[in-house]
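In: Sequence and computational prediction follow.
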Amino acid sequence: MLNPNDIRKEFPILEQTVYGKPLIYLDNAATTQKPRCVIDSISQAYLTINSNVHRGVHHLSQVATEKFEEARDKVRAHINAGDKSEIIFTRGTTESINLVASSFGNTFLKAGDEVIISSLEHHSNIVPWQILRDRIGIEIKVIPLDSNESLDFEAYKALFGERTRLVSIAHVSNVLGATTPVKEYIDYAHTLNVPVLIDGAQSIPHSNIDVKALDADFFAFSGHKMYAPTGIGVLYGKSEWLNRMQPYHGGGEMIQTVRFEKTTYNELPYKFEAGTPDYVGAIALGRAIDFMNEIGVDAIAQHEQALTRYAVERLRNIPSMRIFGNPDSSAVSFLVGDIHPADMGTLLDRLGIAIRTGHHCAQPLMEILGIPGTVRASFAMYNTVEEVDALVAAIERVAKMFA
Ligand code: PMP
């Protein structure tokens, strides 16, 4: 069993007060706080080994390169990828998905080809496909929700046709905090030889990810939602796809030889890592992965799921409470009566409670649900039952003010 009060000691930012109240940070789906060891790994890298990677014969550059590649191997092991050449460092989930839309699109897609996404995608898994649609004329098919506010698997199967070329869906919805059984979605797509991209931004911080067991063709995530710094993320891709895909950005590092007439490209993963990478961010991501493993991903998951269940149970007792979807991971989205989410957010903030309000970068889902936005509380390893109690008490107080 994980003890959040011990863990909190590693997160100095949580010790502060806001408007004279102890900070209760429940906006972890947007970004998590960083433990001291991750922050230290950044300053240690700059204090002791900073040097541009891959290009230097000198000592520092070699050490920096070793640490950077070590981080890549930590990511590989963490998601059980077969080879570290399948781990591409990006700026985050958004860039990872844009990379696939652009490179997979340029290589394999033609006008009339179809990409399947879902009703509950983040804008970062909608807009890149629309850009591709505007550029080359692909079609986008959308998996609807069922009456239970989950993705409709039967409707998903019915979307496949002759021209379906790719499926791109979220593992866990950042709005509903609900897990889609993506393994079934992947297996079905594979029976029709269609590859699948999984947006793992909201799953990898809260569960063990095994890309081999999932058989995902691509898996995208962001470091900053899993205790690592901003600006670093990952695209995992099966080498059989990545090898055939055209590069994304052009520049240094992604080339083998450059002539004005013709350029040949570097091997994986460097073909997709143009320019100086965020090697310090990658090293810090490696440290964040070590940190999660020291605590235990299963223990983290159990703790967060227990907090979520407890929060749902307590929130349900508040009159006029509407909880959306079927939260089973670490986030709960809700509305109370006709209190606007922005009002709720502002008043909770005055009580020291940081939650997120609005459309959560999922405007199409808001439209489907017929609401302007939600209030979302999302948990991490350092949150406590007492904080959930404080959230519930604060919501009750706000609800009384509006009654
Ligand atoms: N997908 C999902 C499900 C997310 O929750 C987020 C972040 N809110 C993203 C994609 C985008 O992640 P980033 O902004 O780190 O690129």
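Out: Everything's here; your move.

In: can you give me the strands for the stretch 1-150 of the chain?
Out: When secondary structure is read from DSSP state E, counting those that start in this stretch, the stretch 1-150 of the chain shows strands at 17-18, 21-22, 24-25, 87-90, 114-118, 139-143.

In: I meant the stretch 301-403 of the chain, not that one.
Out: Using DSSP E, counting those that start in this stretch, the strands found in the stretch 301-403 of the chain span residues 321-323, 331-336, 353-354, 356-358, 374-378.

In: helices or strands up against the shortest one?
Out: Here strand 353-354 touches strand 24-25, helix 385-402, going by 3 or more C-beta pairs under 8 Å, 6 or more residues apart in numbering; DSSP states H and E. To be clear about C-beta, it is placed using only N, CA and C from the backbone, and glycine gets the same treatment.

In: Dump these to CSV, plus mean neighbour count, mean pLDDT and distance to the ligand.
Out: Listed next are the helices and strands packed on strand 353-354 as CSV, based on neighbours: other C-beta atoms under 10 Å; pLDDT from 0 to 100; distance: least, C-beta to the nearest ligand atom, whole Å:
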stretch, mean neighbour count, mean pLDDT, distance to the ligand
strand 24-25, 23, 98, 16
helix 385-402, 17, 97, 20
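
In: could you dump these to CSV with distance to S320?
Out: Formatted as CSV, the helices and strands packed on strand 353-354 follow (distance: least, C-beta to C-beta, whole Å):
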stretch, distance to S320
strand 24-25, 23
helix 385-402, 7
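
In: mind putting the strands of the stretch 301-403 of the chain in CSV, mean neighbour count, mean pLDDT and distance to K183 included?
Out: CSV is the format used below for these (neighbours: other C-beta atoms under 10 Å; pLDDT from 0 to 100; distance: least, C-beta to C-beta, whole Å):
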stretch, mean neighbour count, mean pLDDT, distance to K183
strand 321-323, 16, 98, 26
strand 331-336, 25, 98, 21
strand 353-354, 20, 98, 34
strand 356-358, 20, 97, 29
strand 374-378, 28, 98, 24
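
In: Tabulate those (CSV), appending distance to G92.
Out: Shown next, in CSV, are the strands of the stretch 301-403 of the chain (distance: least, C-beta to C-beta, whole Å):
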stretch, distance to G92
strand 321-323, 28
strand 331-336, 18
strand 353-354, 21
strand 356-358, 17
strand 374-378, 17
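
In: between those strands, which one is nearest to I143?
Out: I143 sits nearest to strand 331-336 of all the strands of the stretch 301-403 of the chain, at 19.0 Å, using C-beta to C-beta.

In: now the nearest residue to H249 once chain neighbours are set aside: how far from the ligand?
Out: Leaving aside its chain neighbours, H249 sits nearest to A274 (3.9 Å; criterion: C-beta to C-beta, 6 or more residues apart in numbering). Per C-beta to the nearest ligand atom, to the nearest Å, A274 is found 18 Å from the ligand.

In: Show the pLDDT at A274.
Out: On pLDDT, A274 comes in at 98.

In: In contact with it, which residues?
Out: By C-beta atoms under 8 Å, 6 or more residues apart in numbering, the contact list for A274 reads 247-254.

In: Would you mind giving the secondary structure of it?
Out: In three-state terms, and counting by DSSP: H, G, I helix; E, B strand; the rest coil, A274 is coil.

In: Got the phi and psi for it?
Out: When quoted as degrees, to the nearest 10, the phi and psi of A274 stand at phi -70, psi 140.

In: Quick check: S103 touching Q246?
Out: Yes - look at S103 against Q246 with C-beta atoms under 8 Å: they come within range, at 5.3 Å.

In: quick one: which of the two has more around it?
Out: S103 (22 against 14; other C-beta atoms under 10 Å).

In: ok, the more buried one - contacts?
Out: Going by C-beta under 8 Å, 6+ apart, S103 touches 245-248, 272.

In: nearest to the ligand, of the residues you listed?
Out: Y248 (15.0 Å; C-beta to the nearest ligand atom).

In: so what pLDDT did that closest one get?
Out: 98.

In: Verify the stated contact: it with G105.
Out: No - with contacts defined as C-beta under 8 Å, Y248 does not count as touching G105, sitting 10.5 Å away.

In: Verify the contact between I255 and E273 for me.
Out: No - applying C-beta under 8 Å, one finds I255 not in contact with E273, separated by 11.1 Å.

In: of these two, who's got more company?
Out: E273 (23 against 16).

In: residue contacts, that one?
Out: 88-89, 253-254.

In: Most neighbours among those residues, which one?
Out: I88 (26 neighbours).

In: was I right about it contacting L99?
Out: Yes - I88 lies in contact with L99 (C-beta under 8 Å); the separation is 7.3 Å.

In: joint contacts of those two?
Out: Shared contacts of I88 and L99, counting by C-beta under 8 Å, 6+ apart, come down to 235, 272.

In: For the stretch 301-403 of the chain, what lies in contact range of the ligand?
Out: C361 (C-beta under 6 Å from any ligand atom).

In: For the stretch 51-200 of the chain, what lies in contact range of the ligand?
Out: Residues of the stretch 51-200 of the chain lying near the ligand (C-beta under 6 Å from any ligand atom): 92-94, 122, 124, 170, 174, 199.

In: So which of those residues are in helices?
Out: 93-94 (DSSP state H).

In: Taking the residues of the stretch 51-200 of the chain next to the ligand together, which two end up most distant?
Out: It's G92 and A170 that sit farthest apart of these, by C-beta to C-beta, at 14.4 Å.
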